[in-house]
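Trainee: here you go, sequence then predicted model.
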Amino acid sequence: MKFFLLGLLISTCALAEKNDLSHRPRSFLLSGGKAVFVDFLEANYKISYNLNSRSAQVTATIKFDAPEAGFPVYDSEEDAMSVMLDGEVVREKQIKTPSRETKVRMINKQVAVGTHTAVITVPLNALIEWGRDGVRNAFWNSDLMDRRFLERYMPASFEYDQVKMNFEVEFIGTKTKYKIYSNGNVVDNGNNTFSISYPEYFNVSSVFYHALPRGASDEVEFTLKSVDGRDVPVTIYVMKPEVLDVDTLKMRTTQIFHELEGDYGAWPHPSLTIYNAGRGGMEYHGATITSTSALGHEMFHSYFARGVMPANGNAGWLDEALASWRDKGYNTTYELAGVSRMSNQFYYTRTTDSSAYVFGERFMSYMDGKLKTKGGLKPFMRHMLEKRLFAPLFVEEFIKEMSEFYGESLEADFKKFTFGTKNSFQKSFSGDHPMHQKMSLEELQKLL
Ligand SMILES: [Zn+2]
């Protein structure tokens, strides 16, 4: 049994590695060489909060595989304080991708094909608040704005790249006790130090992390019985002085959990963490920061977005379209007016085209109508969870899977409606989408 499990673990890792490499963006030329997207194999992060100097920093030790020789690419919004590559002091620099769709960083030293180790230290300045009661910090994401995944807080890879991550967290110079809400396995080591380990299928969009002084939040914990027999642990919390409406939140969470399991199978994650912030709306693997009204939308994303995962910006619309399709009550239509470029943004784009919410929803309603005689879209969605769970994909693979599932090519519909050169369709609301507001750092800061 032991050997069988070990074998299973090795083959899962090998599969993840293969998936990472086959979804890696193309290298691009620079003066003096080429920038190469690499495969992170393991990333260990030391996160230190110093209450005396009111400063924080992260040191990342990253083991990576370079499948081609060149300058290794990673990303971090912050300039590095120091970089070591294979034991040698080196430098990094920020560069633009060829169509200037995004910025990334590269280590300013070429590597040979093979495994290397980089140690990069950056200051931690985003979503951190030094208050009278101590420090608060969160690593919250947005897929609607560029460079708003883990790279905003620490050196990281990209959505295509799944990597085993571990955090070592310490709060120095304080007697205040801390609490960390996270979708990883949090171990309190005493003396205000914590270890958090995350599953090997996580990527830059997966981690939910919120550190705060103990007593600042109010929480309820309970379990939900999954269809697969597990008791899934659930934590719901609010920030004081907000009052936790335990009955309503428990009831809604339970209802949505069973609805989603009924449609798409067992809850894909080991737990569920909900920060009921009253605003926000962002999904993580088995976690969300949300308002009560967006809870269904965000929990749905634990199946599509953080279950069936996008490998790049052009695949990001699929889960928003499906989530919006559920929000609107799984409409069925037989005609569709308009076009979009949701699948056809510039090659290195990392963000989701916001047409997903309106036009994407209509597209899924139309596809449901088209496939109605074959059961509609829902059986295919369930199939995708069984077949492609935790294996980031391109939109082209989604189309291929769908065509195979229904036994007819659906490429022409996707080409016509999602691979256009512009977004042109009737809008149904103005301003931000009610589920995912584009929130500035100042607005998110208030939710810490
Ligand atoms: Zn969404």
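Mentor: Yes, it's here. From a predicted model like this one, the values you see are computed outputs, not experimental measurements. Numbers count the residues shown, from 1 in each chain.
Trainee: how about the residues of this structure near the ion?
Mentor: When proximity is defined as CB under 5 Å from the ion, the chain approaches the ion at 320, 323. Every C-beta, even on glycine, is put in place using the N, C-alpha and C of the backbone.
Trainee: residue ranges with poor pLDDT in the chain?
Mentor: Low-confidence regions of the chain, defined by pLDDT under 70, span residues 1-12, 429-434.
Trainee: can you list the domains in it?
Mentor: 2-128+142-215, 217-303, 313-418 (automatic domain parsing).
Trainee: tally of neighbours for the residue of the stretch 151-300 of the chain found nearest the ion?
Mentor: Nearest to the ion in the stretch 151-300 of the chain, going by CB to the ion, is H297, at a distance of 5.5 Å. By other CB atoms under 10 Å, 23 other residues sit near H297.
Trainee: which residues are in contact with it?
Mentor: Neighbouring residues of H297 by CB atoms under 8 Å, 6 or more residues apart in numbering: 281, 290, 323-324, 326-327, 435.
Trainee: in which helix or strand does it reside?
Mentor: Per DSSP states H and E, H297 falls inside helix 295-300.
Trainee: what packs against whatever helix or strand comes next after that helix?
Mentor: Per DSSP H and E, the first helix or strand lying C-terminal to helix 295-300 is helix 316-327. Secondary-structure packing of helix 316-327 (3 or more CB pairs under 8 Å, 6 or more residues apart in numbering; DSSP states H and E): helix 295-300, helix 361-370, helix 395-406.
Trainee: would you format those helices as a markdown table with distance to S31 included?
Mentor: As requested, the helices and strands packed on helix 316-327 are exported to a markdown table (distance: least, CB to CB, whole Å):
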| stretch | distance to S31 |
| --- | --- |
| helix 295-300 | 44 |
| helix 361-370 | 42 |
| helix 395-406 | 32 |
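Trainee: do you know how far S428 is from L377?
Mentor: 20 Å (CB to CB, to the nearest Å).
Trainee: go on, I236?
Mentor: For I236 relative to L377 (CB to CB), the value is 30 Å.
Trainee: what segments of this protein are helices?
Mentor: In the chain, the helices defined using DSSP state H lie at 2-22, 246-264, 295-300, 316-327, 355, 361-370, 378-388, 395-406, 411-418, 441-445.
Trainee: any chance of these in CSV, plus distance to S195?
Mentor: Below are the helices of the chain laid out as CSV (distance: least, CB to CB, whole Å):
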stretch, distance to S195
helix 2-22, 20
helix 246-264, 28
helix 295-300, 27
helix 316-327, 31
helix 355, 42
helix 361-370, 41
helix 378-388, 31
helix 395-406, 35
helix 411-418, 43
helix 441-445, 26
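Trainee: tell me which residues of stretch 118-127 come out buried.
Mentor: 118-122, 124, 126-127 (16 or more other CB atoms under 10 Å).
Trainee: show residues contacting that stretch.
Mentor: 47, 49, 55-62, 64, 72, 74, 76-85, 92, 107, 137-140, 152-155, 441, 444-445, 448.
Trainee: the residues you listed in strands, which ones?
Mentor: Using DSSP state E, the members of the contacts of stretch 118-127 that fall in strands are 47, 49, 55-62, 64, 72, 74, 82-85, 92, 107, 137-138.
Trainee: quick check on the residues you listed: which are buried?
Mentor: 47, 49, 56-62, 64, 72, 74, 83, 85, 92, 107, 137-138.
Trainee: distance between stretch 400-410 and the chain's centre?
Mentor: 27 Å (CA atoms, centre = their mean, to the nearest Å).
Trainee: what lies in contact with that stretch?
Mentor: 367, 370-371, 374, 379-380, 383-384, 387-388, 399, 411.
Trainee: which one of the helices of the chain lies nearest to L336?
Mentor: helix 361-370 (4.1 Å; CB to CB).
Trainee: packing partners of the closest one?
Mentor: Partner elements for helix 361-370 (3+ CB pairs under 8 Å, 6+ apart): helix 316-327, helix 411-418.
Trainee: could you tell me the angle between the first one and helix 361-370?
Mentor: Direction vectors for helix 316-327 and helix 361-370, defined by axes from the mean of the first three to the mean of the last three CA atoms, to 10 degrees, enclose an angle of 70 degrees.
Trainee: with just CA atoms, put helix 316-327 into PDB.
Mentor: Once non-C-alpha atoms are left out, helix 316-327 reads as follows in PDB (Å, rounded to 0.1, in the frame of the first residue of the first chain):
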ATOM      1  CA  GLY A 316      -9.800  33.100 -17.700                       C
ATOM      2  CA  TRP A 317     -13.100  33.900 -19.200                       C
ATOM      3  CA  LEU A 318     -14.400  30.400 -19.200                       C
ATOM      4  CA  ASP A 319     -15.000  30.100 -15.400                       C
ATOM      5  CA  GLU A 320     -16.500  33.600 -15.200                       C
ATOM      6  CA  ALA A 321     -18.900  32.800 -18.000                       C
ATOM      7  CA  LEU A 322     -19.900  29.600 -16.300                       C
ATOM      8  CA  ALA A 323     -20.200  31.200 -12.900                       C
ATOM      9  CA  SER A 324     -22.300  34.000 -14.400                       C
ATOM     10  CA  TRP A 325     -24.400  31.400 -16.200                       C
ATOM     11  CA  ARG A 326     -25.200  29.800 -12.800                       C
ATOM     12  CA  ASP A 327     -25.900  33.200 -11.200                       C
END
